[in-house]
Each structure stands twice: as structure tokens, then as C-alpha cells.
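> next input, structure requested:
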Amino acid sequence: MKYFVSILLILFTTMISTSCSKAKSHKVKVKFTNLTGYDLTNLKIGGERIGKLAANETTDYVLYREFSFDSGWPFESIRAKIDNVEICDYKFSECGTERSTVEEGTFEMELLKIENNDERFLRLRLK
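Numbering: from 1, shown residues only. I've put the predicted structure just below:
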């Protein structure tokens, strides 16, 4: 019985320390301002669900474990709906660009709408 209790205690301690370390690893904080001119619904940036973001509205800080950039531009996936039509990110990279990932920092970003040949895309820009 002592052996069983010891194993349970070790497992419990491991689970607590693992969950605490995961919570602490979200060291990237980002605020997003919607400058698309439209209300966005079902907004998701970099895998984090934001939900609804009205035109010219700014989110509270959204926490990430890491955030990707390409040559100084935010480089995370974006999905949302404008007037119930799904719209996604516009990513463009050339060979030799400087992709990087940050694991710590505080950022403010603007969410922009780009139109190209009757297609609409979303893009992030650092404030």
C-alpha cells in the first residue's frame, strides 16, 4: 500500500509541476486593433480564438507561447468572417527572408484588410 501511495504522490506532483510550467510559458502578449473597417467574427490569430472584434476595436492582451515574424512582419495564421464570408491571411515571403520566432515580449499589432483582384485578405502590422 505504501508503494501505491508513493506512486500516486509522484504522479500528482509531476502533473502539477507540468501544468504550472505550461502556464508560465505563455510569455508573448499581443494586443490587436481591427483597422479593416469591418466587424470581424470568428476571429482566430495564430491558433488563438479571439471571437468577435468590431471595427476600430482593440483586444486585451492575447497570450501566446511563441509568435512568428518574417522580416519584421508578423507571420501568423489569421482567419475571420466579414459579413459571414470567410477571409484568411495573406502571406508572402521571398527566398532569403528572415523568419524568426519570439518566445517572450509585448506587442501591439494592427489587423488590416488587403484587396487584390477582387479577393480580400487579412494582414498584421506592428504598431
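> and the next element down the chain from the longest strand along the chain?
Ranked by residue count and defined by DSSP state E, the top strand of the chain is strand 105-116. Downstream of strand 105-116, the first helix or strand assigned by DSSP states H and E is strand 119-126.
> could you list the buried residues of that following strand?
For strand 119-126, the neighbour count (16 or more other Cβ atoms under 10 Å) marks F121, L122, R123, L124 as buried. Heads up, the C-betas are built off the backbone N, CA and C, glycines and all.
> tell me what the longest strand of the chain is packed against?
strand 28-34, strand 119-126 (3 or more Cβ pairs under 8 Å, 6 or more residues apart in numbering; DSSP states H and E).
> can you give the contact residues for the first one?
With Cβ atoms under 8 Å, 6 or more residues apart in numbering as the contact definition, strand 28-34 has outside contacts at 40, 45, 50, 53-67, 102-111, 124, 127.
> list buried residues within those.
40, 45, 50, 53, 58-59, 62, 64, 67, 107, 109-111, 124.
> who touches the longest strand of the chain?
27-38, 40, 45, 53, 61, 67, 74, 78, 82, 87, 90, 120-127.
> mind listing what it pairs with, with the direction of each?
Using DSSP bridges, the strands paired with strand 105-116 are strand 28-34 (parallel), strand 119-126 (antiparallel).
> any idea of the mean pLDDT for it?
On average, the pLDDT along strand 105-116 is 95.
> okay, that strand in PDB with CA atoms only?
Output of strand 105-116 as PDB, limited to C-alpha atoms (Å, rounded to 0.1, in the frame of the first residue of the first chain):
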ATOM      1  CA  GLY A 105       7.700  40.100 -25.500                       C
ATOM      2  CA  THR A 106       4.800  42.500 -25.600                       C
ATOM      3  CA  PHE A 107       3.400  43.700 -28.900                       C
ATOM      4  CA  GLU A 108       0.600  45.900 -30.300                       C
ATOM      5  CA  MET A 109      -0.500  45.000 -33.900                       C
ATOM      6  CA  GLU A 110      -2.900  46.300 -36.400                       C
ATOM      7  CA  LEU A 111      -5.200  44.000 -38.300                       C
ATOM      8  CA  LEU A 112      -5.500  45.200 -42.000                       C
ATOM      9  CA  LYS A 113      -7.600  44.200 -45.000                       C
ATOM     10  CA  ILE A 114      -5.800  43.800 -48.300                       C
ATOM     11  CA  GLU A 115      -7.700  43.600 -51.600                       C
ATOM     12  CA  ASN A 116      -6.100  42.000 -54.600                       C
END
